[in-house]
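*Asks:* just need the structure, nothing else, for what follows:
(one chain, ligands or ions: 1)
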Amino acid sequence: MVLRIGVDDTDSLRGMCTTFLATELVRDLTKTWDLIGFPRLVRLNPNIPWKTRGNGAICVRIGHGRGRPHVVGWIDGSEVRAFPHGEGIEDSHTVADRVAALVERWSRFEDPGTNPGFVVLRAAPPEHLYWTGVRSVLTMDEVLRGIGPGALVRPYKNGRGVIGAVAATAWRPHDRTYEILTYRREGAWGTHRLLSRESVIQMDRKFPSTFNNYDYEAGRIVLAPRTPCPVLFGIRGDDSKLLRPAMEMIRGEVPDRWLILETNQGTDDHVVRERPSAPHRTVRFRGQVRSLPWTIRGGHVLFSVDSHTVAAYEPSKGFRGIVRGLVPGDTVEIVGAVRPDWGTVNLEKLRVDSLAPVTRKVGNPVCPQCMRRAKSRGRGAGFRCEICRRHFLNSSAEAIPVPRTLAPGWYEPPAGSRRHLSLPLKRWENGSSPIRRRSQSSG
Ligand SMILES: [Zn+2]
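*Replies:* Numbers count the residues shown, from 1 in each chain. Next up, the predicted model:
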């Protein structure tokens, strides 16, 4: 069997990045063995409170390669190749020692929130460990029960990284995307990144199968991080073959190395079809708008759907304008994360299903007998004809329909404020997600 190496929780909010460790693993391990398939970046539940920056774990598969290899990276001036199939390595202890040396060199042990862990497995653990890890909260007991005999488990500090490491090795892609990650030479880490905005826009337009490159609303490059980590930029897309030419269009600082990773980013794998109940989950449900949206301090916009409060936070910028166009009676479908504190649903995507009619009163009702307009009896109290004393309901006032600013359909925040796992609408529009939009819309 091919060996599966899973690593998690090595990074910190102040720098480093688990994917850089992936390049170091690939660089070192391919001196002796072959890479089987793409290295993988597996994002796990973004709602758990102790997550590292992007809650991303990595999985690298190695063995003796079979079949025709393809280029997946460029490190130390030469191409990195991966094989479609492979045969096993007997000595997993030697592999584990090599992995340990790299994890120990590159992990941020000094960060109190960083608890690295890795595993070396001869077989993929049960798939449910991935689904629990991406949608819910996985415990150490569950993962240790799930991995088979002969598994090598190396925890550091409290060892929590082992959980994500196992979840990453349990992923069998149903839907998948790719990301080409480019890295800076070590001397440049922490310094300002110089990238040409025009080249990013040109690339984004030339390669529609890529996504989350540029925020046109804010005029901001999204494909480069704003943290001091070693990543120069990353381009996400559906076609792994187009990522290298896309990368070569970006002008500015020249990458020192690059690697293409297979990922669950942009798949909505974290979304569960249920109404909000338990915290730390991203849910998808349909309901009716019950209130006009209101804005709270900080610029966040809230509204009620059935008995739930849904929030579009300030960083989602123009998306809040869509939300502000909702009125009671509209039916919507909500995708959002349930916050642990108040049970508020933090909106990730919104579908306007049907729009309630909105009218504006233009005059009091006309009494059909006296042909005169009735007089108002005060707010909500209806109208009365002053001549024949006949009573009229509020709803009998003369009204005209008001055009709505919203149209039915899906809406999402701008590229810069989406979650790694959130499926961008562009993937449905391109038809690149195997889960078609129509089936996504039903139920
Ligand atoms: Zn009358």
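*Asks:* packing partners of the longest helix along the chain?
*Replies:* For the chain, the longest helix by residue count, based on DSSP state H, is helix 92-106. In this structure, helix 92-106 makes packing contacts with strand 3-8, helix 18-29, strand 117-121, strand 152-155, judged by 3 or more Cβ pairs under 8 Å, 6 or more residues apart in numbering; DSSP states H and E. From N, CA and C alone the C-beta is placed, and that goes for glycine too.
*Asks:* tell me which strands the shortest one pairs with, and in which orientation.
*Replies:* Using DSSP bridges, the strands paired with strand 152-155 are strand 117-121 (antiparallel).
*Asks:* which of the residues in the longest helix of the chain are buried?
*Replies:* For helix 92-106, the neighbour count (16 or more other Cβ atoms under 10 Å) marks S92, V95, A96, R98, V99, L102, V103, W106 as buried.
*Asks:* circling back: a markdown table for the helices and strands packed on helix 92-106, including mean neighbour count, distance to I163 and mean pLDDT?
*Replies:* Shown next, in a markdown table, are the helices and strands packed on helix 92-106 (neighbours: other Cβ atoms under 10 Å; distance: least, Cβ to Cβ, whole Å; pLDDT from 0 to 100):
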| stretch | mean neighbour count | distance to I163 | mean pLDDT |
| --- | --- | --- | --- |
| strand 3-8 | 28 | 7 | 95 |
| helix 18-29 | 22 | 14 | 94 |
| strand 117-121 | 28 | 7 | 95 |
| strand 152-155 | 19 | 10 | 93 |
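*Asks:* so which of the ones you listed comes closest to P228?
*Replies:* Evaluated over the helices and strands packed on helix 92-106, closeness to P228 peaks at helix 18-29, with 12.1 Å, by Cβ to Cβ.
*Asks:* is there a neighbour count for the residue in the stretch 101-250 of the chain that the ion sits nearest to? I'd like the number.
*Replies:* Evaluated by Cβ to the ion, the stretch 101-250 of the chain has E217 as its residue closest to the ion, separated by 55.1 Å. E217 has 14 neighbours, counted by other Cβ atoms under 10 Å.
*Asks:* hmm, it is touching P414, no?
*Replies:* Yes: using Cβ atoms under 8 Å, E217 is in contact with P414, at 4.8 Å.
*Asks:* mutual contacts of those two, please.
*Replies:* K317, G318 (Cβ atoms under 8 Å, 6 or more residues apart in numbering).
*Asks:* got the helices and strands packed on helix 92-106 as CSV, with distance to R244 columns?
*Replies:* Output for the helices and strands packed on helix 92-106, formatted as CSV (distance: least, Cβ to Cβ, whole Å):
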stretch, distance to R244
strand 3-8, 25
helix 18-29, 15
strand 117-121, 29
strand 152-155, 34
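*Asks:* can you lay out those as CSV showing distance to the ion?
*Replies:* Converted to CSV, the helices and strands packed on helix 92-106 look like this (distance: least, Cβ to the ion, whole Å):
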stretch, distance to the ion
strand 3-8, 78
helix 18-29, 78
strand 117-121, 82
strand 152-155, 85
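*Asks:* tell me which parts of the chain are close to the ion?
*Replies:* Taking Cβ under 5 Å from the ion as the contact definition, the chain meets the ion at C367, Q369, C370, C385, I387, C388.
*Asks:* give me the low-pLDDT residue ranges for the protein?
*Replies:* 12-16, 50-54, 434-443 (pLDDT under 70).
*Asks:* quick one, what contacts the closest residue to W33 other than its chain neighbours?
*Replies:* Leaving aside its sequence neighbours, W33 sits nearest to I62 (Cβ to Cβ, 6 or more residues apart in numbering; 4.4 Å). I62 makes contacts with V2, L3, I5, L29, T30, W33, D34, L35, I36, G86, I89, V95, as judged by Cβ under 8 Å, 6+ apart.
*Asks:* repeat the analysis, applying 6 Å as the threshold.
*Replies:* Under the criterion of Cβ atoms under 6 Å, 6 or more residues apart in numbering, the contact list for I62 reads L3, L29, W33.
*Asks:* now swap in K375 and tell me
*Replies:* Contacts of K375 (Cβ under 6 Å, 6+ apart): E386.
*Asks:* bridging residues for it?
*Replies:* R384.
*Asks:* ok, now how distant is it from A397?
*Replies:* As defined by Cβ to Cβ, to the nearest Å, K375 lies at a distance of 12 Å from A397.
*Asks:* was I right to think T23 contacts L261?
*Replies:* No: taking Cβ atoms under 6 Å as the definition, T23 is not a contact partner of L261, at 9.7 Å.
*Asks:* hmm, back to that, what would the contacts of I62 look like in CSV with distance to V231?
*Replies:* Below are the contacts of I62 laid out as CSV (distance: Cβ to Cβ, whole Å):
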residue, distance to V231
L3, 26
L29, 21
W33, 26
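*Asks:* what ranges do the helices span in the chain?
*Replies:* 18-29, 92-106, 128-135, 140-146, 161-169, 197-206, 240-248, 319-324, 425-429, 437-441.
*Asks:* any idea which of those helices gets closest to R154?
*Replies:* helix 92-106 (6.0 Å).
*Asks:* for that closest one, what is the distance to the chain centroid?
*Replies:* Distance of helix 92-106 from the chain centroid (Cα atoms, centre = their mean, to the nearest Å) equals 30 Å.
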